[in-house]
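J.: can you look at this prediction? I've put the sequence above it.
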Amino acid sequence: MNHAAKYLEKIRSELGDSWLPQVYLERVLKLRTRSYDFPPMPENTTPQIHHTLLGIELKVGRRRMLCPDLATARYLSVFARIGCRAVAIPYDITKISMIADELDSSCHRMLLISDRLTADRNAAFRARIRRQIIGKVRDEIAKAGAGLRVPEFKQSTKQRTEPQKGTRSTKGNAKP
């Protein structure tokens with residue numbers, strides 16, 4: 001194992017359960033989700049959230065992506081910062097805000113831990129560790145997948161063929 005791989009493993013172990021791909025697997029992919037494909041984006045750009053007359057937009061480089069609400073924009077900005085191509089978005093909008101908080105905090109903690117562990121090293125080494133840790137996170141999220149394009153709807157509202165208890169059946173009661 002090379003020297004950079006040891007740093008990556010230290011960062012991963014220090015994050016523990018708040019490792020970003022693990023949060024994505026356990027908190028997002030266990031829910032009913034829909035997939036979101038990012039348009040081609042430039043590398044090394046910081047996503048920005050803009051409030052416009054048309055709503056909320058996530059701007060990455062020169063690309064603007066319209067978002068239905070602020071929570072979704074915050075959620076997508078985490079993955080845009082990492083450079084993911086496709087992610088799963090929870091279908092239940094009430095859960096997006098809490099998950100976005102967790103993902104954002106995990107991403108910032110990961111970068112802070114990286115900076116702290118490599119503080120005594122030169123700038124090139126610190127940049128290489130940051131690139132590698134972000135690449136590792138991006139690869140693990142891509143491996144986990146973005147879920148289905150359209151969420152699965154369970155049809156549990158089918159009508160019963162047998163009458164409920166206490167009701168009279170109309171079958172066989174017709175007079176000839």
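T.: Everything's here; your move.

J.: determine the longest helix present in the chain.
T.: Longest among the helix segments of the chain by residue count, using DSSP state H, is helix 93-117.

J.: and it, what's buried?
T.: For helix 93-117, burial by neighbour count (16 or more other CB atoms under 10 Å) applies to 95-96, 99-100, 102-104, 106-107, 109-110, 113-114, 117. Where C-beta positions appear, they are placed from N, C-alpha and C, glycine not excepted.

J.: what of stretch 64-79?
T.: Judged by neighbour count (16+ other CB under 10 Å), stretch 64-79 contains these buried residues: Met65, Cys67, Ala71, Thr72, Ala73, Arg74, Tyr75, Leu76, Ser77, Val78, Phe79.

J.: where does the nearest residue to the last one once chain neighbours are set aside land in three-state SS?
T.: Distances taken as CB to CB, 6 or more residues apart in numbering place Val87 nearest to Phe79, at 4.7 Å, with adjacent residues excluded. Secondary structure for Val87, judged by DSSP: H, G, I helix; E, B strand; the rest coil, is strand.

J.: need the pLDDT of Glu26.
T.: Model confidence at Glu26, expressed as pLDDT, equals 91.

J.: what's the burial count for it?
T.: Other residues within reach of Glu26, judged by other CB atoms under 10 Å, total 10.

J.: how about Asp69: what's its closest non-neighbour residue?
T.: Distance criterion CB to CB, 6+ apart; nearest residue to Asp69, sequence neighbours excluded, is Ile56 at 6.2 Å.

J.: which SS state does the one you found fall under?
T.: Reduced to three states with three-state DSSP, the structure at Ile56 is strand.

J.: for Glu102, see how far away it is.
T.: 20 Å (CB to CB, to the nearest Å).

J.: same check, this time on Arg126
T.: For Arg126 relative to Glu102 (CB to CB), the value is 26 Å.

J.: now for the buried residues of helix 93-117, which pair is the farthest apart?
T.: Lys95 and Leu117 (32.5 Å; CB to CB).

J.: for the chain, what spans make up the helices?
T.: Ranges of helices within the chain are 3-15, 20-23, 70-82, 93-117, 123-144, based on DSSP H.

J.: now the angle from the longest one to helix 3-15?
T.: The reference is to helix 93-117. 130 degrees (axes from the mean of the first three to the mean of the last three CA atoms, to 10 degrees).

J.: what about helix 93-117, distance to the chain center?
T.: Here helix 93-117 is found 11 Å from its chain centre; the criterion is CA atoms, centre = their mean, to the nearest Å.
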